[in-house]
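1. any chance you could fold what I've pasted below:
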Amino acid sequence: MARTRPNILFVMTDDHASHAISAYGSRINTTPHLDRLADEGMRFDNCFCTNAICTPSRATILTGMHSHACGVTTLDTHFDNRLPTFAGLLRESGYQTALFGKWHLGEGTAHEPRGFDEWEVVPGQGDYHDPEFITPNGRHVRQGYATDIITDLSLDWLQRRDVDRPFCLLVHHKAPHRPWEPDEKHAHMYDDVDIPEPETLRDDYSDRSEAAAVAAMRVAEHLTPTDLKEPVPDGLSPDEELSWKYQRYIKDYLRCVASVDDNVGRLLDYLDEQGLAEDTLVVYCSDQGFFLGDHGWYDKRFMYEESLRMPLLVRYPREVTAGSVNTDIVLNLDFAQTFCDVAGVAELPIMQGRSMMPLLRGEGAADWRTSMYYRYWMHGDSIHHARAHYGVRTEKYKLICYYGDGRDQPGSSDRRFEPEWELFDLERDPMELTSVYDDPDYAAVRKELEIELERVQREAGDLP
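-> Residues are numbered from 1 along each chain as shown. Purely as a prediction, here's the structure:
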């Protein structure tokens, strides 16, 4: 007898770093419900985004296209909803589709969600408490905490769905995005403990490009009173103040993660109670990684590992071995084709990724990619001062070019934009503290990576 097409439950958070998930060996928190996904499915250890900023990553996930190809390169370039998405393709093939939570791809008829039977999303970044929502019929405020509300809306839709048709449900949380406002239930978690500091919290950015030094997203200097939520105590030394700010930041961040974890548990419990777990592909990811004090930073944007790497946990009992781990290089570019593949829907030629189903089945693929292309476009950002750059990452190495775009950054005292290069040996220097770009011992590696960068850039259809 032919198998029915699986349901798809796609949970995505915003700015949730993999090293804040205990299934990934986190030193700073535990996430029992996310760990359950890893224990009962597959953990991907090398899932990367192609542009570590929210709006572009979300557009890439929906379309299976690089930022330049789908036209969403920055936070200010909104999504053209005439572009085909995996959700629309699944809906056309008979799936019932819904989206609740964060959209962040623009507002208005040209940018709002399409391809969904039902949707309700927060405007822009959205609020944690008593958030406003946009629907096809207008706007309204819902009382409560965003993470709980988004889950409530999702569970309500599941209960109202047509049980005779497969579903594709997108549960897209605001959390744990800045300004990291926890709910009452988790507000006092970690009150009596100190969260371990990352080894690179006091990074001095030596032995790297100027790009790292001029970025304005340091825990010590750039967290705002809104982020910290109380004044810095008097009489602290600079080093003590850094530690205090880190604790304030990271505890609220982890409290927001704890709410996400609880709500993932609610969704998993529902699938179990309804007998849906066996036939439902559950995917958990974030739209990119995040610096949790690593290199002294919060935020993302850079091609460094903590920002580049996305958590990706996938459970599908029918085909995925419980407790399995994959180390292949997979990308947010691959999500759309994976969803199409598992649903039996033909992918579109414009999609640039590849279905992960052979990896999920444990079959592997001899011709799977061994490198990936990255590009961050937002040179000129007046807040974070992160320079535009592109690069290539392989299993062992990473080459980054900070190319700028010939313009000054508004509000920055940094006025020089000569191209800069970094090369990291990820085996010897996993924390990426020392660029070996000018090291003569790496001359051959540098040449190979320059050739590979040109190849993957050309393959992506991008221009230097």
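
2. so what's residue 23 closest to, chain neighbours aside?
-> Spatially, and ignoring its direct neighbours in sequence, residue 23 is nearest to residue 38 (3.7 Å; Cβ to Cβ, 6 or more residues apart in numbering). C-beta here means a position set from N, CA and C on the backbone, and glycine is covered the same way.

3. what about the one you found, how many neighbours?
-> 24 (other Cβ atoms under 10 Å).

4. could you verify my assumption that it touches residue 311?
-> No. Using Cβ atoms under 8 Å, residue 38 is not in contact with residue 311, being 9.5 Å away.

5. how much space between the residue nearest to residue 23 and residue 246?
-> 27 Å (Cβ to Cβ, to the nearest Å).

6. ok, residue 83 next?
-> Residue 83 sits 40 Å away from residue 246, going by Cβ to Cβ.

7. what's the local residue count around the closest residue to residue 72 other than its chain neighbours?
-> In space, and not counting its chain neighbours, residue 72 is closest to residue 59: 3.7 Å by Cβ to Cβ, 6+ apart. Counted with other Cβ under 10 Å, residues neighbouring residue 59 total 28.

8. in the protein, what residue spans correspond to helices?
-> Applying DSSP state H to the chain gives helices spanning 32-40, 54-63, 67-70, 86-92, 146-160, 210-214, 219-222, 225-228, 238-273, 305-308, 335-342, 357-360, 443-460.

9. other SSEs contacting the fifth one?
-> Pointing back at helix 146-160 there. Judged by 3 or more Cβ pairs under 8 Å, 6 or more residues apart in numbering; DSSP states H and E, helix 146-160 is in contact with strand 96-102, strand 118-122, strand 167-172, helix 238-273.

10. now the ones you listed as TSV including mean pLDDT?
-> Shown next, in TSV, are those (pLDDT from 0 to 100):
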stretch	mean pLDDT
strand 96-102	98
strand 118-122	98
strand 167-172	98
helix 238-273	98
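
11. out of these, which comes closest to residue 332?
-> strand 167-172 (13.5 Å; Cβ to Cβ).

12. the closest one to strand 118-122, inter-axis angle?
-> Relative orientation of strand 167-172 and strand 118-122, computed by axes from the mean of the first three to the mean of the last three Cα atoms, to 10 degrees: 10 degrees.

13. buried residues in the helix or strand of the chain with the lowest mean pLDDT, which are they?
-> Using mean pLDDT, DSSP states H and E, helix 210-214 stands out as the lowest-scoring helix or strand of the chain, at a mean of 93. Of the residues in helix 210-214, those buried by neighbour count under the rule 16 or more other Cβ atoms under 10 Å are 211, 212, 214.

14. tally of neighbours for residue 340?
-> Neighbours around residue 340, by other Cβ under 10 Å: 21.

15. find the nearest non-adjacent residue to it, please.
-> Once flanking residues are discounted, residue 340 sits nearest to residue 347: 4.8 Å by Cβ to Cβ, 6+ apart.

16. can you get me a residue count around the one you found?
-> 18.

17. which ones are touching it?
-> By Cβ atoms under 8 Å, 6 or more residues apart in numbering, the contact set of residue 347 is 64, 336, 337, 340, 341, 355.

18. residue 83 now?
-> Counting by Cβ under 8 Å, 6+ apart, residue 83 has contacts 62, 63, 65, 70, 71.

19. which residue sits closest to the second one, ignoring its sequence neighbours?
-> Using Cβ to Cβ, 6+ apart and skipping residues adjacent in sequence, the residue nearest residue 63 is residue 70, 4.6 Å away.

20. and the last one, by the same measure?
-> Counting by Cβ to Cβ, 6+ apart, residue 71 lies nearest to residue 80, which is 6.0 Å off, once chain neighbours are set aside.
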